[in-house]
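A.B. asks: predicted model, plus sequence, below.
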Amino acid sequence: MVDPVEAIGKAREAVTHRAELPGMSLMEHLDELRRRIVHSALYLGAGFAIAYFFHERLYGLVQQPLDRLHIKLNYTHPMDALNLYLQVSLIGGAILASPFVLYQVWLFIAPGLYQKERRFVVPFMAATVGLFLAGASFGYFFVLPGALKILIVDFGKKFNPIITIEEYTGFFLSIILGLGISFEMPILIFFLALFGIVSPRFLWKNIRYAVLAVFLVAAFICPNPDPWTMCIYAIPMLFLYLIGIGVAWWVHPSRRKAKEAAL
C-alpha cells in the first residue's frame, strides 16, 4: 500500500514545482518582450559608442590579413571609408554588449524554466559568447588567411589585385560572422528542444543528414579543396552537433514533464 503521508508529501512537492512556472497572458508576454528588446537596444547603442572610440584599432584587425600580403584596400565611393568604420564599430559593439543582451534573452525565457534550471544563466551566457568567439577566431586566424592566400596569391598571381573596401568588408564579415554563428549550433538546438520543436531522438535519427549538411558547409568555407583540410573544418561542427543532442536531452519538455510527474 501507498503510505498516505508519503503521497501527501509528493503531492506538495509537485505543487511547489508547478508553482515555479507561473503562467503569463499573451499581453504580459508581449510587454515582457518589448521591455527586453528596448533594454537590448540600449546595450547595443552603448557598445557601439564604446567600439567607435576604438574604430581605428578595429579597422587594423580587419586590415591585418591583407597587410600580410602587402595589399591595401581601395574605395570607389566617398562614403566607403566611413561605412567601414561604422560596420566594424557595430560588430565590435555587438560583441561587447552580447553578455548583457544574452542576459535579457535569459530573463525572457526564465519564467518557463524550473528554479534549478535558472541557475545555469551564467553557463548559458558564457557558452553563447564563448562559442561565437571560438567560431569567429577560427575564421579570422585560419579560414580567412587561407582563403586570401589561395584566391589572391595562388589563383590570382598573374593579375593585379584591386580590392575595394565594400567587397572586402562583405567577404570578411561573411566568414567571421558565418563561422561565429555556425558555432552557435548547440545554443540553437537548446531553444528548439526547449520549446519541443526537436527532440534528442529526432536529432540522433537524422544525424546522417546533419553530417551531410556539415560537410557541405565545410566544403563551402574551406579555402583548399583537399578532403583532409575539409575534415578539419567539419569535425568541430560535428562535435558541436553531438553536444547539441545532449543539450536537447537535458531541456526537452518530455524529460521535464517526466521529472515533474516523478515528483
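C.D. replies: On my side now, so go ahead.
A.B. asks: so Q64 versus L240, what's the distance?
C.D. replies: 27 Å (Cβ to Cβ, to the nearest Å). Using the backbone N, CA and C atoms, a C-beta is placed for each residue, glycine as well.
A.B. asks: who has more neighbours out of these two?
C.D. replies: Each of Q64 and L240 has its neighbours counted (other Cβ atoms under 10 Å); L240 has more, 22 against 12.
A.B. asks: how about the nearest residue to the most centrally placed residue in the chain, chain neighbours excluded?
C.D. replies: Among the residues of the chain, E184 comes closest to the average C-alpha position under Cα atoms, centre = their mean, at 3.4 Å. Closest residue to E184 apart from its sequence neighbours, by Cβ to Cβ, 6 or more residues apart in numbering: L131 at 5.5 Å.
A.B. asks: that neighbour and P186 touch, don't they?
C.D. replies: Yes - with contacts counted by Cβ atoms under 8 Å, L131 reaches P186, the gap being 6.9 Å.
A.B. asks: which neighbours do these two have in common?
C.D. replies: L240 (Cβ atoms under 8 Å, 6 or more residues apart in numbering).
A.B. asks: can you list the domains in the protein?
C.D. replies: Here the domain parsing of the chain from automatic domain parsing is 31-182, 184-263.
A.B. asks: make a markdown table from those domains and add mean pLDDT to it.
C.D. replies: Putting these into a markdown table (pLDDT from 0 to 100) gives the following:
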| stretch | mean pLDDT |
| --- | --- |
| domain 31-182 | 87 |
| domain 184-263 | 79 |
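A.B. asks: K72: what secondary structure?
C.D. replies: The three-state label given to K72 by DSSP: H, G, I helix; E, B strand; the rest coil is coil.
A.B. asks: so who does it touch?
C.D. replies: With Cβ under 8 Å, 6+ apart, K72 has these contacts: L66.
A.B. asks: cool, and F138?
C.D. replies: 179, 183, 236.
A.B. asks: write the ChimeraX selection for whichever of those residues are buried.
C.D. replies: Command for ChimeraX that selects the buried part of the contacts of F138, burial taken from 16 or more other Cβ atoms under 10 Å:
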select :179,183,236
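A.B. asks: about what we covered before: quick one, what contacts the residue nearest to the centre of the chain?
C.D. replies: Here E184 is in contact with 128, 131-132, 135 (criterion: Cβ under 8 Å, 6+ apart).
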